[in-house]
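> for reference, the sequence and a predicted model appear below.
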Amino acid sequence: MRYENRHVVVLGAGLTGKSLARYLIGEGAQVRVADTRANPPFARELPVPVATGEFTDATFAGADMIAISPGLPKDQ
């Protein structure tokens, strides 16, 4: 699959989310990261802004793809 110029939302800014975001950025995707935690553990290490708090419609607006970290609780 090609990710270049796709708008991707990565849910979760833990270790897996960080790795996934970096991979997608390297493949040319336009990446946004969102995490329900107030202070996600790897947010400062990401080269893109990380939205924190509850997921809303705005979290997913304009996304071509949503990548869900396996550590994200199923009730989120």
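Thanks, I have it. From a predicted model like this one, the values you see are computed outputs, not experimental measurements. Numbering: from 1, shown residues only.

> mind listing the helices in the chain by residue range?
For the chain, the helices defined by DSSP state H cover 15-26, 57-60.

> Leu24 is in contact with Val48, correct?
No. Under the criterion of C-beta atoms under 8 Å, Val48 is not in contact with Leu24, lying 9.8 Å apart. For the C-beta atoms, the positions are set from N, CA and C on the backbone; glycine is no exception.

> who touches both of these two?
Common contact partners of Val48 and Leu24 (C-beta atoms under 8 Å, 6 or more residues apart in numbering): Val31.

> tell me, what residue is most central in the chain?
Val10 (2.0 Å; C-alpha atoms, centre = their mean).

> wait, what's in contact with that residue?
Listed by C-beta under 8 Å, 6+ apart, the contact partners of Val10 are 17, 20-21, 24, 31-34, 67, 69.

> repeat for Glu45
Lys18.

> ok, now Gly62?
Counting by C-beta under 8 Å, 6+ apart, Gly62 makes contact with His7.

> just the pLDDT for it.
As predicted, Gly62 sits at a pLDDT of 97.

> state the distance from it to Ala51.
Gly62 sits 13 Å away from Ala51, going by C-beta to C-beta, to the nearest Å.

> kindly report the same for Ala38.
For Ala38 relative to Ala51 (C-beta to C-beta), the value is 11 Å.

> again with Gln30
From Gln30 over to Ala51 the distance is 14 Å, taken as C-beta to C-beta.

> touching, Ala63 and Leu11? I think so.
No. Using C-beta under 8 Å as the test, Ala63 is too far from Leu11 to be in contact (10.3 Å).
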